[in-house]
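1. My questions are about this predicted structure, shown below with the sequence.
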Amino acid sequence: MIPKVFKEVIDLGDGRTVSIETGKLAKQAHGSVVVQMGKAMLLCTVVSNYKQSDVDFLPLTVDYREKFAAAGKYPGGFFKREARPSDDEVLTMRLIDRVLRPLFPKDYHAETQVMVQLMSHDPEVMPDALAGLGASAAIQLSDIPFETPISEARVARVNGEFVINPSRAQLAESDLDMMIGASADSVMMVEGEMDEISEEEMADAIKFAHESIKLQCAAQVRLAEAFGKKETREYDQAEENEELAAKIKELTYDKCYAIAAKGTSKVERTDAFAVVKEEVKAAFTEEELAEYGDLVGKYFNKSQKEAVRELTLAEGLRLDGRKTTEIRPIWGEVDYLPSTHGSSIFTRGETQALATVTLGTSRDANIIDSPTNEGEEKFYLHYNFPPFCTGEARPLRGTSRREVGHGNLAQRALKGMIPDSCPYTVRVVSEVLESNGSSSMATVCAGTMALMDAGVQITKPVSGIAMGLISDGDRYAVLSDILGDEDHLGDMDFKVTGTADGITACQMDIKVKGLSYEILVNALKQAREGRMHILGKITEVISTPNADVKSHSPKMITRVIPNDYIGALIGPGGKNIQELQKVTGCTIVINEDPVTTEGIVEILGTGQEGIDKVLASIESMLFKPEVGKAYKVKVIKMLDFGAVVEYLDAPGNEVLLHVSELAWERTENVTDVVNMGDEFEVKYFGKDPKTRKEKVSRKALLEKPEGFKPRPPRENNDRGGRDNRGRDNRRDDRKPREEKKTE
C-alpha cells in the first residue's frame, strides 16, 4: 500500500527551500517527519511513554546523530560502526533540548525521547540548523502535550548582509555565527560567536532570524492540520491545593524575604532557608505531611522564589547584598603552577577556575572527522566540572553534555584572539574548583590570563559575564554577574564575552515569554559595563602577553623546505629524522603542501642548542654552493688522487678536491699539501661539463708562483695513435668488426 504523504515547503527567500514531510517513514513513532534542504535529509522522531515516571522532573532525552553513510563515508576505528556521539553532535543535542524542554507542562513527567538522524548529507547544507525544526514538527504531529511550535535558524552576515542557514563556505566569510531558537512569539535561545560586533548588531541578527522562524512555525501548524492534529493526551496532572499554598506562603514569605535581604553567603542563606523549611514542616502533623506529600516542599520553594524576586524588583537588592549592576569581588594570579606552559587562577565571588595552557606541534591538533565536517583545531579548550566544586559527592561518568557545551562556549569566546601567526597548537584546560554562578565565564577570564602567561601573543584580552533577568510583566531588573540561585530563580541566563571592542561569543536561555528587544539591548549594554570592569581586573594581574614562552616551555621554530628535500630529511624508514630527534631532544613534524610544493618543518624543543642542531642539519641539507664563491672546508678523507672535504658551513655536504687543484706546483702525493683535519678555503666552480661532477679548487685562491708555466695540454693522438690502454685509436686503420652470426 502506497503511503499518503503530507508535505510543507518553506521558502527561505533566496531561491532555497526547506521541506517537512510525514507519512512515509517511522510511522510507529508518536510523531515523525523528514526535513530536507538540498540533498540533506534528517529523520526526526518523538516517542513519549503514556505512564508518568516516578520523578519530579521531565525525563527528556534529545539525541542527534550524523550517520557516516549519509556522506558516503566509513566510520573510523576498528569496528567501523558509529559509536559515542562527537562533541558537535552533543552540542546540537543541547541546542534542541534547551528550546524544547521549557515548553512541556511543568507537571508532565513521562519519559520522552526525541531522536534526530542525518540520513543524507549535502556539503552545501549545515544540518544542525534544521534539527530544531524537525524535532518540533515531529512533536506537533503527536499527542504529546506541548505549548507551541518552535524552530531554530542559523544566521550569518556576509558582506554586510544577513543570511539564514548559510552554507559552510558562506559561514567562513561571515563575521558572526549565531543559532537562534524561538517560537512565533518569543526568542528563547541564542548561541554563537562573533568578530567583536556591537550590541545593536547582535540584536539585529536575532530579529532577522526570528522572522524566518515565524515562517517555519507556521509551516508546522499547516502540516499538523493537513495530517490531522491529534488531541492532546491526558495524563496524571500534579495535585494542587491552593489553601495549603496560601498557608505556607503566610508562614514563610516574610522570613524568606528577611533572609534574602541580609546579603549572606551561599552556605549561610542555604542553612537559614533550611531552618524555615523545617519550621513549616513542624506546623503540620505527621498525618498531614503524609497526606500532602511533596506539596509542602513545592509551595515552600514557590514562596521563597517570590520573596527573593520581590526583594530585587522592589529594592534593587540581591541575595548576597549586591545591587543589580554590582560585580562580586575578583582576584587572580598567573604562573601558579610551576611545570605547566602557562597557568592562572581566576576567582569571582564563590566561583573559581584554574586554567592551564599546553603548547604543541600540529601533530597535537584536535582532529575532526565526522560525516559533515573534516579538519583540525589548532586551538581548543576543555572544561571540567568536578562534583567537589559545588560541595557534592557523586560518581564520575565521563564528560557530561554540560561540560562539552560550556567548554565550547569558552573556546568560541577566545579562539578569534589567537593570531594566524601563532606556530603552536594550543590547548587550554579549565578546572572549575568552586562554582556559584557562571563557571564558563570564569573559564574565559582564566583562559585569557593563562594564554598571556604562556606567552601566546593573543591580539586582545577577553572577559565574560553572566547576566540575569527578573520580571513580573510591569517591572524588570537586569542582574550583572548572577549567582547560581539567581539563575534558578530568574527569567534569563545570558552569558556574553568580548574584548574592549566588541562581543566575541554569547549563550542565552530565556524563560519568560515575549522578552522585548528593548530589554534585550539594555541587558547587552549592562553586560558590556560588567565585562569592562572584569577586563580591568584581569589586566591588573597581567596586561599583555609575556614576550616569550617560559624557559621550560617548548620553543617552536618553523622552516620551509622544497618538497623534494622532505624524503632526504626523513630518511629511509624514518631513520634520519628519528636519529635527529634522539640526538637533539626535539620533536620534528613535517607537513607537505601539495599546492605550493613546499614542506613546513616544525621544530619543537625546550633547549636552544637542540633546536640549533636541527636547523643546522636542515640548512646543511639545503646547502647549494654558488659558482665563483669561496667556502671554508675541512679534510675528512684522504685519497690517492685527492682529498674529500666537507663544507664547514654545511656539515654533511662533501666534495672531492682533486690532486690537480691542491696547488699550482705539480703534486705527487696529496699528503705533501694537506692532511686529515686541515681547514682552508676553496673556490667553487660548479659542475664540470665533461664529468658532471662538482669542482672545487684550492689553488685558485692561492697566488700563482712567479714564473709559473702550466704544462701543455695533451693532444688526443700524442701517443702515436694509441689510447691510454695502448690500443690503436685511429679509427680509419681499424678493421671492421665481424658481425656476429645468428642462426
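-> Cool, the structure landed.

2. CA only for contacts and neighbour counts going forward, please
-> OK.

3. hang on, residue 660 is in a helix, isn't it?
-> Yes: counting by DSSP: H, G, I helix; E, B strand; the rest coil, residue 660 falls inside a helix.

4. What does the pLDDT read for it?
-> If you check residue 660, the pLDDT there is 85.

5. Please verify my assumption that it contacts residue 666.
-> Yes: under the criterion of Cα atoms under 8 Å, residue 660 makes contact with residue 666 at 7.3 Å.

6. neighbour-wise, which of those two wins?
-> Taking neighbours as other Cα atoms under 10 Å, residue 660 and residue 666 compare with residue 660 leading, 17 against 12.

7. I'd like the distance between the more buried one and residue 673.
-> Taking Cα to Cα, to the nearest Å as the measure, residue 660 falls 11 Å from residue 673.

8. can you list residues touching both of the two?
-> residue 667 (Cα atoms under 8 Å, 6 or more residues apart in numbering).

9. buried ones in stretch 644-654?
-> Neighbour-count burial for stretch 644-654 flags 644-648, 650-651, 653-654 (criterion: 16 or more other Cα atoms under 10 Å).

10. what do you get for stretch 390-403?
-> residue 403.

11. What's the mean pLDDT across it?
-> 90.

12. what does that stretch rub up against?
-> Contacts for stretch 390-403 (Cα under 8 Å, 6+ apart): 90-91, 94, 383-387, 434-436.

13. Over to stretch 173-193?
-> For stretch 173-193, using Cα under 8 Å, 6+ apart, the contacting residues are 98-99, 129, 132, 148-159, 171, 194-195, 206, 209-210, 213-214, 217-218, 409, 412-413, 504-511, 513-515.

14. go on, stretch 485-492?
-> 305, 309, 437, 467-471, 493, 508-512.

15. now, the most widely separated pair of these?
-> Pairwise distances across those peak at 21.3 Å for 305 and 508 (criterion: Cα to Cα).

16. okay, these two: which has more neighbours?
-> residue 508 (22 against 19).

17. Is that one bridged to anything, and to what?
-> residue 190, residue 494 (DSSP bridges).

18. Thought residue 494 was touching it, still the case?
-> Yes: the pair residue 508 / residue 494 is scored as a contact, 4.2 Å apart, by Cα under 8 Å.

19. quick revisit: just the ones of the contacts of stretch 173-193 in strands?
-> 150-158, 194-195, 504-510 (DSSP state E).

20. Each with direction, which strands does the host helix or strand of residue 117 pair with?
-> Element membership of residue 117 [criterion: DSSP states H and E] is strand 110-120. Sheet neighbours of strand 110-120, with direction, are listed as strand 40-52 (antiparallel), strand 60-66 (parallel) (DSSP bridges).

21. List the buried residues of the last one.
-> I take that to be strand 60-66. 60, 62-66.

22. How about the first one?
-> Residues of strand 40-52 classed as buried under the neighbour-count rule (16+ other Cα under 10 Å) are 40-48, 52.

23. Of those, which is the nearest to residue 586?
-> Taking the buried residues of strand 40-52 together and measuring to residue 586 by Cα to Cα, the closest member is residue 40, at 46.2 Å.

24. wait, isn't the closest one in contact with residue 120?
-> Yes: taking Cα under 8 Å as the definition, residue 40 is a contact partner of residue 120 at 5.0 Å.

25. returning to that earlier point: neighbour count, secondary structure and pLDDT for the contacts of stretch 390-403 - can I get that in TSV?
-> Formatted as TSV, these follow (neighbours: other Cα atoms under 10 Å; DSSP: H, G, I helix; E, B strand; the rest coil; pLDDT from 0 to 100):
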residue	neighbour count	secondary structure	pLDDT
90	20	helix	95
91	20	helix	95
94	19	helix	95
383	26	strand	96
384	21	strand	96
385	21	coil	94
386	20	coil	94
387	16	helix	93
434	22	strand	93
435	25	coil	92
436	19	coil	90
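
26. Need phi/psi at residue 571.
-> phi 80, psi 170 (degrees, to the nearest 10).

27. before we move on, what about residue 375?
-> phi 160, psi -160.

28. And the average pLDDT for stretch 480-495 is what?
-> The model assigns stretch 480-495 a mean pLDDT of 88.

29. gap between that stretch and the chain center?
-> 26 Å (Cα atoms, centre = their mean, to the nearest Å).

30. Report the backbone C-alpha coordinates of that stretch in CSV.
-> The C-alpha coordinates for stretch 480-495 follow below in CSV (Å, rounded to 0.1, in the frame of the first residue of the first chain):
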residue,chain,number,x,y,z
SER,A,480,25.0,41.5,36.4
ASP,A,481,27.2,38.6,37.4
ILE,A,482,24.4,36.3,38.6
LEU,A,483,24.6,33.7,41.3
GLY,A,484,23.6,30.1,40.9
ASP,A,485,20.4,30.8,42.9
GLU,A,486,19.6,33.8,40.7
ASP,A,487,20.0,31.6,37.6
HIS,A,488,17.5,29.1,39.1
LEU,A,489,15.0,31.8,40.3
GLY,A,490,15.3,34.2,37.5
ASP,A,491,13.9,34.5,34.0
MET,A,492,17.0,34.6,31.9
ASP,A,493,20.6,33.3,31.9
PHE,A,494,22.6,35.4,29.4
LYS,A,495,26.3,34.8,29.1
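
31. buried ones in that stretch?
-> 480-484, 486-487, 489-495.

32. before we move on, what about stretch 218-229?
-> 218-221, 223-224, 227.

33. next one: stretch 4-22
-> 7-10, 18-22.

34. May I ask which two of the residues you listed are separated the most?
-> 10 and 22 (14.8 Å).

35. Let me see the ranges of the helices in the stretch 101-250 of the chain.
-> Ranges of helices in the stretch 101-250 of the chain, per DSSP state H, counting those that start in this stretch, are 128-140, 168-173, 199-227, 242-261.

36. need the next SSE after the last one, C-terminal direction.
-> Just to be clear, that refers to helix 242-261. Next element after helix 242-261 (DSSP H and E): helix 266-282.

37. Which neighbouring elements make contact with that next one?
-> helix 242-261, helix 295-315 (3 or more Cα pairs under 8 Å, 6 or more residues apart in numbering; DSSP states H and E).

38. want to try a markdown table for those, with distance to residue 105 and mean pLDDT as columns?
-> Output for the helices and strands packed on helix 266-282, formatted as a markdown table (distance: least, Cα to Cα, whole Å; pLDDT from 0 to 100):
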| stretch | distance to residue 105 | mean pLDDT |
| --- | --- | --- |
| helix 242-261 | 19 | 91 |
| helix 295-315 | 16 | 91 |
